[in-house]
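Novice: Whatever this is, show me its structure:
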Amino acid sequence: MTVQVQMVRFALVGVVNTGTYYGIYLALLTWLPYVAAHVIAFAFSMVGSFFLNSYFTYRTRPTWRKFLLFPLTNAANFVVTTIGVYLLVDVLHFGSRYAPLIAAGAAIPITFVVSRTIMLRPEPAPRGREPEREPERVPQA
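Specialist: The predicted structure follows:
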């Protein structure tokens, strides 16, 4: 699969992930402050993003190692979107309902590069065995 195909699939997963995040964010916003709603919605959507990117975008087997490293792919996204939401709401006085959608756009390229690096990184070989040459792939449908 080419990098261009992966980029398109990553974008599609991003649309689904953003919708999931935004739905959870709006639901939580009814009884939590916007920053708390943002953090919780972000955490839930990140788990879904891991599995969608694993199976659909990169066609690789999810592992505990990748799952534990995957939050690193969203660290920059989290920082950029959180600062963006704060600046948009508290500094520029945008509505808290739409600020996360605007802030999310700036973090997309960084998230793709880090995500691709983690998801396609070969698993370390058990001691006494040669390392894998290729990551395990999920059979294409």
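
Novice: for whichever helix or strand Arg65 is part of, packing partners?
Specialist: In this assignment (DSSP states H and E), Arg65 forms part of helix 64-86. Applying 3 or more C-beta pairs under 8 Å, 6 or more residues apart in numbering; DSSP states H and E, we find helix 64-86 packed against helix 34-52, helix 99-104, helix 108-119. Where C-beta positions appear, they are placed from N, C-alpha and C, glycine not excepted.

Novice: Dump those helices to TSV, plus distance to Asn77 and mean neighbour count.
Specialist: Formatted as TSV, those follow (distance: least, C-beta to C-beta, whole Å; neighbours: other C-beta atoms under 10 Å):
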stretch	distance to Asn77	mean neighbour count
helix 34-52	8	18
helix 99-104	8	20
helix 108-119	5	17
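
Novice: Buried residues in the helix holding Arg65, which are they?
Specialist: In terms of neighbour count (16 or more other C-beta atoms under 10 Å), helix 64-86 has its buried residues at 66, 69-70, 73-74, 76-78, 80-82, 84-86.

Novice: Not counting it itself, show me its contacts.
Specialist: With C-beta atoms under 8 Å, 6 or more residues apart in numbering as the test, helix 64-86 has contacts from 34-35, 38-39, 42, 46, 49-50, 54, 60, 96, 99-100, 102-104, 106-108, 110-111, 114-115, 118-119, 121, 123-124.
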